[in-house]
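Enquirer: Mind folding the following:
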Amino acid sequence: MSVMEPAPAAVSQSGHDYFATLARWKIWEILFWAALAGCYFVPEMDRMLMSRVIIWGLFAMSLDILLGYRGIPSLGHAVFFGTGAYVAGFCGKYGWSEPISALFFAMAVAAALGWLTGKLVQRVAGVGLLMVTLGLNLILFDFVLRSTDLTGGDDGLQGIVIAPVLNMFRFDIYGRTAFWYALVVSFILFIATRILVNSPFGLALIGARENPRRMITLGAPVEGDVSRAFMIAAAIAGAAGALLTQTTQTVAPPTLSFQRSADVLVILIIGGAGRLYGGFIGAIVFILLQDYLSSISPVYWYFWIGLLLVVIVSFFRKGLLPSLDALLQRFIKRKPDAPS
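Expert: Residues are numbered from 1 along each chain as shown. Predicted coordinates for the structure are as follows:
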């Protein structure tokens, strides 16, 4: 072995230290989740609205796995969200009212659909990939609209019954249980996703995003990673859809519409892709603005969202979170060198 070549044990230790550094929680991360939980105690807080913010943040985080970490654009991500929503709705309608087990079942069905989608698009890229994902979204949306006997058509599923969480916490019109249920589930899934993207698998996803040819040369299973990324993203999106159905006890075709896919993409662009928190930041901005602007102008509120998107793309090209992080780094100067 060359004198300049590091020993295998040293390389292994250095890799372990690298992933340990990535996994370490930062103070601002703890403050973010504490502030989100603290919203429950704010007087006059609309807890149903905040639960919707959390659910949309989870939905956007699922898209971030595809777009931000693997570099796979999708115009049909609502397929997985709507699948989870309708599976949870069917469970509640036909006697499976226990929410946690139904949530896991919805995630499993959405994950299976995601894995099949990943297999389908493994060798597709660019515009072709966008068209395939959009086509799948339109096909399933049309099926739901036309299958009136099965899905309720335009009216959606009726008679959904959701039992109390852990047989103790009943869903109410004030959103108290909905808030904590959505927050706890989203936090658990966030931790699992954070561990995943800070693991060798997450590093492989980023490598395939940056230079797929080099990753293939290194022997990485790039095509297999596409299926796995779709499966994981679909499971999380399905969980978000199931949470929406269970907390509102309603589900309708808009959960599968292209508009839903476009909205979650806008949320991720606003918050910033490639950062797990970007989806949650984008959801806070988008949903709260949507609620405020639609109360002022129910017809033209999307005009102002579009204007905001133009401003963010023009001045914060990577989204709010990465741009603010870069701005903060400029103010945090290194210690000046000691005078010679």
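Enquirer: To what extent is the closest residue to Lys119 other than its chain neighbours buried, counted in neighbours?
Expert: Nearest non-adjacent residue to Lys119, counting by C-beta to C-beta, 6 or more residues apart in numbering: Ser227, 5.4 Å away. (Glycine included, C-beta is placed from N, CA and C.) Under the neighbour criterion other C-beta atoms under 10 Å, Ser227 is assigned a count of 19.
Enquirer: Please, which helix or strand holds Ser227?
Expert: Using DSSP states H and E, Ser227 falls within helix 222-248.
Enquirer: So which residues lie in contact with the next helix or strand after that helix, not counting its own?
Expert: Following helix 222-248 in sequence order, the next helix or strand is helix 258-271 (DSSP H and E). By C-beta atoms under 8 Å, 6 or more residues apart in numbering, the residues outside helix 258-271 that reach it are 56-57, 59-60, 63-64, 67-68, 74-79, 81-82, 134, 137-138, 141, 254, 277-283, 285-286, 305, 308-309, 312-313, 319-321.
Enquirer: unless I'm mixing things up, Gly92 is touching Gln158, no?
Expert: No: look at Gly92 against Gln158 with C-beta atoms under 8 Å: they stay out of range, at 10.8 Å.
Enquirer: the more surrounded of these two?
Expert: Neighbour tally, Gly92 and Gln158, criterion other C-beta under 10 Å: the higher count belongs to Gly92, 25 against 10.
Enquirer: per-residue confidence at the more buried one?
Expert: For Gly92, the pLDDT comes out at 92.
Enquirer: Start the count at 34 instead of 1 going forward.
Expert: Right, with 34 as the first residue, what we last looked at is Gly125.
Enquirer: which ones are touching the residue nearest to Pro245 when sequence neighbours are not counted?
Expert: Leaving aside its chain neighbours, Pro245 sits nearest to Val255 (5.5 Å; criterion: C-beta to C-beta, 6+ apart). With contact set as C-beta under 8 Å, 6+ apart, Val255 has these partners: 241, 245, 248-249.
Enquirer: For Ser330, the count of nearby residues, please.
Expert: The burial count for Ser330: 11, using other C-beta under 10 Å.
Enquirer: what about it, distance to Leu322?
Expert: To Leu322, Ser330 is 12 Å away according to C-beta to C-beta, to the nearest Å.
Enquirer: And for Pro287, the neighbour number?
Expert: Pro287 sits with 15 neighbouring residues when counted by other C-beta under 10 Å.
Enquirer: From Val299, how far off is the closest residue to it other than its chain neighbours?
Expert: The spatially closest residue to Pro287, leaving aside those adjacent along the chain, is Arg293, at 6.4 Å (C-beta to C-beta, 6+ apart). Going from Arg293 to Val299 by C-beta to C-beta gives 11 Å.
Enquirer: remind me which residues of the stretch 134-283 of the chain are low pLDDT?
Expert: Residue ranges of the stretch 134-283 of the chain with pLDDT under 70: 253, 256.
Enquirer: residue contacts, Gly189?
Expert: Neighbouring residues of Gly189 by C-beta under 8 Å, 6+ apart: 122, 283-286.
Enquirer: of those, closest to Gly161?
Expert: Nearest to Gly161 among the contacts of Gly189: Pro286, at 26.6 Å, using C-beta to C-beta.
Enquirer: If you tally nearby residues, what's the number for the closest one?
Expert: Other residues near Pro286 come to 21 when the count uses other C-beta under 10 Å.
Enquirer: All good on my end, thank you.
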